[in-house]
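S.K.: just need the structure, nothing else, for what follows:
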Amino acid sequence: MKSLLFILILSLTAKSCDETKHIYVADHLVDCEGVAPQKCMLVKNKIVGDWTYFYDNIKGFEYEEGYEYLLNVKIETIKNPPADASALKYTLVEVLEKNKTKKQITLNNNWKVITMNGIDRFEKNLTIKFDYKEKKVSGFAGCNNFFGKYNFNKQNLSFGEMGMTRKMCQDMTVENTLINNLRNVSTYKIDNSKLVFYDKNNQVIITSKLIK
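M.R.: Here you go, the predicted model:
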């Protein structure tokens, strides 16, 4: 009798650790760092809440970028999970909403510089190109082509040392200004088809537009 009572209590305790919850899922994936670098979904519990990184998987859910979701998800507690693994298991109960969103513009594009330190006229087209897979940046600085590495996390952005071709031009002022400004980039913002770079003091130092 005592054994049956213990099993019943244990069963009720286990069930009490489980719950069903509604979560919103964003229309794009982001870089995140779990046990190793990976791609994460962005989720939130309320439509007006802030997005947070979701490092786990939702069993039965087939994610498709370009859509925002409202899901009904079952959350179960895992006893003695493996090291570095989540103690929670997520299982899809129902897709309540799936809405297609406008295509999101990311860094991974070609950009044309339109202003720099307030100057908006350049004799030649200055360009910046991001390669997301390789984490490489390249472009044309007005005289030489440049290339290097970049790092970003949410809105933070920084560039490593830049390599350059070795052409000498009569006036290198614009080129030197562009490279120096890239070294001072701290954050960025994409608004419609414009990419804006800010320094550590939140001052705009470069504005560029998407090359379609």
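S.K.: setting aside sequence neighbours, what's the nearest residue to Tyr198?
M.R.: Thr187 (4.7 Å; CB to CB, 6 or more residues apart in numbering). (Each C-beta comes from the backbone N, C-alpha and C, glycine too.)
S.K.: who's in contact with the residue nearest to Gly160 when sequence neighbours are not counted?
M.R.: Once flanking residues are discounted, Gly160 sits nearest to Lys149: 4.1 Å by CB to CB, 6+ apart. Lys149 is in contact with Lys135, Lys136, Val137, Phe159, Gly160, counting by CB atoms under 8 Å, 6 or more residues apart in numbering.
S.K.: same list (those residues) but as a markdown table, adding pLDDT, neighbour count and secondary structure.
M.R.: As requested, these are exported to a markdown table (pLDDT from 0 to 100; neighbours: other CB atoms under 10 Å; DSSP: H, G, I helix; E, B strand; the rest coil):
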| residue | pLDDT | neighbour count | secondary structure |
| --- | --- | --- | --- |
| Lys135 | 92 | 14 | coil |
| Lys136 | 96 | 14 | strand |
| Val137 | 97 | 20 | strand |
| Phe159 | 96 | 20 | strand |
| Gly160 | 92 | 14 | coil |
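S.K.: coming back round to it: which helix or strand contains the residue nearest to Gly160?
M.R.: Assessed by DSSP states H and E, Lys149 sits inside strand 145-153.
S.K.: mind giving me the domain ranges of the protein?
M.R.: Taking automatic domain parsing as the domain assignment, the ranges for the chain are 18-100, 110-210.
S.K.: ok, of those, where does mean pLDDT dip lowest?
M.R.: Of all the domains of the chain, mean pLDDT reaches its minimum on domain 18-100 (a mean of 91).
S.K.: do you know how far the most centrally placed residue in the chain is from Glu62?
M.R.: In the chain, the residue lying closest to the centroid (CA atoms, centre = their mean) is Val30, at 3.5 Å. The gap separating Val30 from Glu62 is 19 Å, by CB to CB, to the nearest Å.
S.K.: cool, Asn201 as well?
M.R.: Counting by CB to CB, the separation of Asn201 from Glu62 is 44 Å.
S.K.: Thr20 too?
M.R.: Thr20 sits 20 Å away from Glu62, taking CB to CB as the criterion.
S.K.: thinking again about what came up before, check contacts around the residue nearest to Tyr198.
M.R.: With contact taken as CB under 8 Å, 6+ apart, Thr187 is in contact with Gln155, Asn156, Leu157, Phe197, Tyr198, Asn202.
S.K.: what's the most distant pair in the residues you listed?
M.R.: Spatial extent of the contacts of Thr187 (CB to CB) is set by the pair Leu157 and Asn202 at 13.1 Å.
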